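Enquirer: got a predicted model here, sequence first, then my questions.
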Amino acid sequence: MTNQQLISDLFSFIDNSPSMFHTAESIAKTLEENDFTYLPNATSWDLNKGNKYYTSTNNSAIIAFEICSTNIEQTGFRIVGTHTDVPGFRIKSNPQMQTESYIKLNTEVYGGPILATWFDRPLSCAGRVALKSDNILRPERRLVNIEEPIMVIPSLAIHMNRNVNDGYKFNPQKETLPILTYCDDTIKEDMLLQIIADKLQVNKDDILDADMFLYPTEKSCSIGVDKKFVSAPRLDDLSMTFGGLHALITSEGKAGVNVLVCYDNEEVGSCSKQGANSPFLLHTLERITSLLNKTREEYLVSLRNSFIISADVAHLHHPNFPEKSDPTNKVLPGKGPAIKVNSNCKYTTDSDSFAVFANLCIQNGIPYQVFFNRSDQPGGSTIGPITSSQLGIRSVDIGTPLLAMHSARELMAQDDFIHTCDAMRAFYNLD
């Protein structure tokens, strides 16, 4: 595959994944196209050496794995971890609000988006819908993507908000609500519910609830005079999710079990049954070990011989805000993935795991760089510390660096993404 085809595939993956549910669906589709067998997590499994499998939970988190060899007590698991969710807005139940002539939707903020970047963009919504079924404990679940730009969050004119460029604080209950349309008559019908029902071709009375999220409808693209940058929504963390997926399906691993885990809810703390603070990965690894006829002791030993690459995007040095970067560790475009380090364990990297990833890059001719936050600027965290502490597995935090993290549209260097994919593939190919 050429580098340009890889970038094109990244764009397709992102544009077809407007919610965490659609991201998991996109992952599953790619896995099945590459001979991975689906294993429902509520049934018994049968595994064989040389085969490839995947399982999922909540329609939004996926674990895929390939059994390269069965001596996992010696070779362990090679794990890449990412997440499927992105910061933005979730639509509340009973969302329709009518103010004078305007019809708008009641939403709540999901995670930590840069709110100002969502204004004045064509927006749609996508997510999961729960429908009535004969089994009360098992409602029918369907994914829906409205696709069309049906709403917008309009800015207030500067003539009415003279302080908007001086650091304005938005009220998310009042000032970030999207407008659907206008109408002189009082509208009692739930317009969005009807749109969803029409899209799914179901009776709207059969819809019990929905997890619906806003998304910008502009497509991903290459940008810059020489097209060296990727401009796209949801690069955090769909770029790393796609990179890990690409690495897994193109790798030629011969040792241990290669694993890709794509969690949900990282942006809101990971405390869910589909998040990193759940037993989803722990249970899956234990089931794999058991089905390879290993003992509990051999399972625990295999964890000690395993390694995790926690792959979440990093911060690029910003040319307009150079003072925001660490003075001796500036992450620059085109210089490769960044190893992320934090003394307060916001990242899992220590000198041991740093050396593993650095040497992996050196041995494969892949450039890398190092990211530290400024000492007076606290940063975020990743799925790494939670996953590593639950399993006791060595781990390193890395990521493709980008600008405008948590904006409605983010920016990264194509070369850095390609280098990150190469590093993850080299990891899966280790003997």
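Expert: On my side now, so go ahead. Please read all numbers here as calculations on a predicted model, not as lab measurements. Residues are numbered from 1 along each chain as shown.
Enquirer: contacts for the helix or strand containing Phe21, please.
Expert: Assessed by DSSP states H and E, Phe21 sits inside helix 20-33. The contact list for helix 20-33 (CB atoms under 8 Å, 6 or more residues apart in numbering) reads 13, 16-17, 38, 52, 54, 56, 59-62, 64, 84-86, 126-128, 143, 145, 211, 213, 238, 241, 245, 249, 262, 264-265. (Glycine included, C-beta is placed from N, CA and C.)
Enquirer: in that helix, what counts as buried?
Expert: The neighbour-count criterion (16 or more other CB atoms under 10 Å) identifies 20-28, 30-31 as the buried residues of helix 20-33.
Enquirer: okay, now the domains of this protein?
Expert: Split into domains by automatic domain parsing, the chain comes to 3-86+233-428, 88-216.
Enquirer: want to try CSV for the ones you listed, with mean pLDDT and distance to Asp226 as columns?
Expert: Formatted as CSV, the domains of the chain follow (pLDDT from 0 to 100; distance: least, CB to CB, whole Å):
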stretch, mean pLDDT, distance to Asp226
domain 3-86+233-428, 97, 10
domain 88-216, 96, 25
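Enquirer: of these, which approaches Gly224 most closely?
Expert: domain 3-86+233-428 (9.2 Å; CB to CB).
Enquirer: how far out from the middle of the chain is the closest one?
Expert: 10 Å (CA atoms, centre = their mean, to the nearest Å).
Enquirer: which parts of the stretch 101-250 of the chain are strands?
Expert: Per DSSP state E, counting those that start in this stretch, the stretch 101-250 of the chain carries strands over the ranges 102-110, 123-131, 140-145, 179-182, 207-216, 221-223, 229-232.
Enquirer: redo those strands as a markdown table? Include distance to Val152 and mean neighbour count.
Expert: Formatted as a markdown table, these follow (distance: least, CB to CB, whole Å; neighbours: other CB atoms under 10 Å):
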| stretch | distance to Val152 | mean neighbour count |
| --- | --- | --- |
| strand 102-110 | 10 | 18 |
| strand 123-131 | 6 | 21 |
| strand 140-145 | 18 | 17 |
| strand 179-182 | 6 | 15 |
| strand 207-216 | 10 | 20 |
| strand 221-223 | 21 | 15 |
| strand 229-232 | 20 | 22 |
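Enquirer: so which of those strands is nearest Asn48?
Expert: strand 140-145 (30.0 Å).
Enquirer: ok, the closest one: who's next to it in the sheet?
Expert: For strand 140-145, the paired strands and their directions (DSSP bridges) are strand 123-131 (antiparallel).
Enquirer: mind putting the strands of the stretch 101-250 of the chain into a markdown table with distance to Ser8?
Expert: Listed next are the strands of the stretch 101-250 of the chain as a markdown table, based on distance: least, CB to CB, whole Å:
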| stretch | distance to Ser8 |
| --- | --- |
| strand 102-110 | 29 |
| strand 123-131 | 22 |
| strand 140-145 | 21 |
| strand 179-182 | 33 |
| strand 207-216 | 20 |
| strand 221-223 | 9 |
| strand 229-232 | 11 |
